[in-house]
Structures are given as C-alpha cells and as structure tokens.
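Asks: Here is the input, now give the coordinates:
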Amino acid sequence: MKPTEVKAQLEEKTIRSESKQLFFVDPMVFYSKEKSRARLDVYMEIPLENLQFKKNYNSKKYDANVSYTVAIKNFAGEVVENESMTDYVTTTKEEQKGLEGSAKYIVREYYLNPGKYDMEVTLVDMNTKKELTLRNKIDVVDFINERISFSNIMLISNMATENGKRVITPLVNGNVDNLKELYVFFEVYNAKSEDIVNSYSFQILDKNENVVERETLHIRYHQVLPSVLKR
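Replies: Sure, this is the predicted structure:
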C-alpha cells in the first residue's frame, strides 16, 4: 500500500478560539511503510495571545519561549516515546498588536506498532512557568492485516490546491463555530491486491447528539484511497 501524498499546511493565522487554554493537541494515526508501523502525527496549536512575550533589548523584538514534552506509553505502561523540545516565537512591536487569532504550530511524527497507547503532552511557557498537560488515548490499527481500515478523521479549516497537490490546514483546536464550510479528511486503506466496492455511512452530531449531517458513500477501493469530504 502506498498512500497518496497529501501536504498539510499550517498557517500562522487560524480560526479564533474563545478559550484561553494554553494550547491544543490533535493526534492523527495514518498508514506508513516504516517497518509495518503506523505513523502518528501529533499536531499542536499554541495561541500566541496566551504566551508571555519579553522584550529583547538587543534585537528590539519580543520573544516567547516554550518547552514541551511528548510521552507515549503502551498498554503495559511501558514508555515507547519520550521527547522534550524547546521552541521560540519572535515578533516585532507592530506584530504584538495583532496576536489575537495568531498561533504557533508544532508537528511531531512518531512510528508505533498496532495497539493501544496513552499520550501526554505537557507545554510550559518559560517566561511565566504556566504549564498545561493534555492527555489522549491512541488506538493504532493494524493497517497491514485489516482488509479495509481507516485513518483518524481530521477536521480541516481550509483546503486548496498548490502546484497540483492538495494543501490542507488542520483545525487543531476543534473550534468549528466560525467556519462557513467544514472539511473532513480521512484515508481509507485496502490491504488486498484486488479492488473492493463497499458502501459506508457517516453522520455528524451536534452537542445535543442531534444529527446535522448524514451521508452514505459508495467507494471503489484500490490499494489505498484518501478521501476528503466537504460539509
């Protein structure tokens, strides 16, 4: 199986979140050729208005400094990934006036065997020592042995085409309130050599579990088929 290449674009402007949450995380699992392991993409969004910037008197600019740790444990509680990194954001005095609605994006990539995992991502604003830990359950599908399998579903705030390739902007914070159009992206994998024709249904519920969108898809599966739905 060879997935069609899809380029993910992370822009410095995003949909404004009303929350003052320090940062957001969205883990996504996809098929990979890497030693029969799946690829886990960990998307992080840090609203710049939530960070403390300090003036750098040498450069005359304003700097923010964050550190983050990504820790992943398997079902037995064994640590399989533990990565600590630092990152920086530098702005001008003029850019400081427009921090609202801007964000710093970080993407980390890991390769995992099929199974269930617990992930903790901790972010620290080094200027204020403000800290937040977000936890997620990760279920890695056996893409090789499952006849038909799906990646995780990614919410998308924008989709375009550049140089013949599809360019998508993930909606990491999950805030769909201000979107005029909602895009949903996922990949469907066929592990067998022959084509398969199947029908699948999906529905979208609101916070009160009322159905706001329902559709049935009739798809012919080759060895791999990425799918994008616009709603």
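Asks: Could you give the number of residues near the closest residue to residue 52 other than its chain neighbours?
Replies: Once flanking residues are discounted, residue 52 sits nearest to residue 127: 4.0 Å by C-beta to C-beta, 6 or more residues apart in numbering. Every C-beta, even on glycine, is put in place using the N, C-alpha and C of the backbone. For residue 127, the neighbour count with other C-beta atoms under 10 Å is 14.
Asks: again with residue 43
Replies: Residue 43: 20 neighbours (other C-beta under 10 Å).
Asks: pretty sure it is touching residue 103, no?
Replies: No: assessed by C-beta atoms under 8 Å, residue 43 is found out of contact with residue 103, at 11.1 Å.
Asks: coming back round to it: could you pull up the contacting residues of the residue nearest to residue 52?
Replies: The contact partners of residue 127, taken as C-beta atoms under 8 Å, 6 or more residues apart in numbering, are 51, 52, 53, 54, 64, 65.
Asks: Now name the helix or strand holding it.
Replies: If you go by DSSP states H and E, residue 127 is not part of any helix or strand.
Asks: The chain should start at 31 in everything you say after this.
Replies: I'll keep to 31 as the first residue from here, and by that count the last item is residue 157.
Asks: From residue 69, how far out is it?
Replies: To residue 69, residue 157 is 33 Å away according to C-beta to C-beta, to the nearest Å.
Asks: what does residue 158 give?
Replies: Taking C-beta to C-beta, one finds residue 158 at 34 Å from residue 69.
Asks: between these two, who's got more neighbours?
Replies: Set residue 158 next to residue 69 and count neighbours by other C-beta under 10 Å: residue 69 wins out with 19 against 13.
Asks: If you count contacts, what does the one helix or strand that one maps to end up packed against?
Replies: Under the criterion of DSSP H and E, residue 69 resides in strand 68-77. When contacts are defined as 3 or more C-beta pairs under 8 Å, 6 or more residues apart in numbering; DSSP states H and E, strand 68-77 packs onto strand 54-60, strand 91-104, strand 133-142, strand 145-155, strand 160-170.
Asks: what residues does the third one touch?
Replies: This points to strand 133-142. 38, 40-44, 59, 62, 64-65, 67-78, 81, 96, 98, 100, 102, 110-111, 113, 115, 117, 119, 168, 170, 202.
Asks: and these, which are buried?
Replies: Among the contacts of strand 133-142, those buried by neighbour count (16 or more other C-beta atoms under 10 Å) are 38, 40, 44, 59, 62, 67-78, 81, 96, 98, 100, 102, 111, 119, 168, 170, 202.
Asks: ok so, going back, as CSV, the contacts of residue 157 with pLDDT and distance to residue 222 would be great.
Replies: Formatted as CSV, the contacts of residue 157 follow (pLDDT from 0 to 100; distance: C-beta to C-beta, whole Å):
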residue, pLDDT, distance to residue 222
81, 95, 49
82, 95, 54
83, 96, 54
84, 95, 57
94, 96, 50
95, 96, 50
